[in-house]
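Engineer: can't give you the sequence, but here's the structure:
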């Protein structure tokens with residue numbers, strides 16, 4: 001039977017394939033509280049789920065983050081102030097592509113063969129926050145649907 005375990009294991013595998021060093025599952029406020037994460041980090045938050053007819057749907061918020069590096073010197077030696085003195089734009093660029101690859105991973109390969117279908121996100125939101133570290137990344141909400149093995153007597 002396909003269910004929560006198989007979906008979270010597949011998400012884990014896809015994040016590993018994209019080079020994430022730390023993958024966690026829990027509430028949003030638990031991201032990096034112990035400051036022991038090795039970046040980049042992927043965080044999976046279970047969200048509203050349900051069942052209908054012969055399918056089960058599991059909702060998740062996916063957050064991908066990296067540690068922002070500040071430097072007093074312009075890291076690109078450019079005159080454009082647009083880029084600032086940190087690597088935030090680099091992080092946003094690379095993590096966007098990695099998150100896209102993870103979500104598209106449900107449209108092909110093992111996920112497709114195992115009949116895990118994802119409702120592709122309509123939007124991806126930037127995630128810039130300060131916990132004990134300054135983190136930059138993206139968050140999106142997805143729903144993954146799998147066949148149900150429930151039987152009616």
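Structural biologist: Sure, I can see it. Values in this document were obtained by computation on a predicted structure and should not be read as measured data.
Engineer: Which strand or helix spans the residue minimising distance to the centre of the chain?
Structural biologist: Here the mean C-alpha position of the chain is nearest to the C-alpha of residue 62 (C-alpha atoms, centre = their mean), at a distance of 3.4 Å. Take DSSP states H and E as the rule and residue 62 turns out to sit in strand 55-67.
Engineer: ok, and the helix or strand in the chain with the lowest average confidence?
Structural biologist: For the chain, scoring each helix and strand by mean pLDDT, DSSP states H and E identifies helix 109-113 as the least confident one, at a mean of 70.
Engineer: looking just at contacts, which helices and strands does the following helix or strand past it meet?
Structural biologist: With elements assigned by DSSP H and E, the helix or strand that comes after helix 109-113 is strand 117-119. The criterion is 3 or more C-beta pairs under 8 Å, 6 or more residues apart in numbering; DSSP states H and E, and the helices and strands that strand 117-119 contacts are strand 134-147. Backbone N, C-alpha and C define where each C-beta goes, glycine included.
Engineer: For the helix ranked longest in the chain, give me every contacting residue.
Structural biologist: In the chain, taking DSSP state H as the definition, the longest helix is helix 88-104. Residues outside helix 88-104 that contact it (C-beta atoms under 8 Å, 6 or more residues apart in numbering) are 11, 14-15, 17-20, 40, 42, 62, 64-66, 68, 83, 118, 120-121, 124, 126, 128, 136-138, 140, 142.
Engineer: try 7 Å this time
Structural biologist: The list of residues contacting helix 88-104 from outside it, by C-beta atoms under 7 Å, 6 or more residues apart in numbering, reads 14-15, 18, 40, 62, 64, 66, 68, 83, 118, 120-121, 124, 126, 136-138, 140, 142.
Engineer: Then stretch 108-124?
Structural biologist: Residues outside stretch 108-124 that contact it (C-beta under 7 Å, 6+ apart) are 2, 7, 10, 96, 99, 103, 105-107, 138, 140-147.
Engineer: from the chain's centre, how far out does the strand or helix carrying residue 5 sit?
Structural biologist: Residue 5 is part of helix 4-17, with elements assigned from DSSP H and E. The gap between where helix 4-17 is centred and where its chain is centred comes out at 11 Å by C-alpha atoms, centre = their mean, to the nearest Å.
Engineer: Report the buried residues of that helix.
Structural biologist: For helix 4-17, the buried set under the neighbour-count rule, 16 or more other C-beta atoms under 10 Å, comprises 6, 7, 8, 10, 11, 12, 13, 14, 15.
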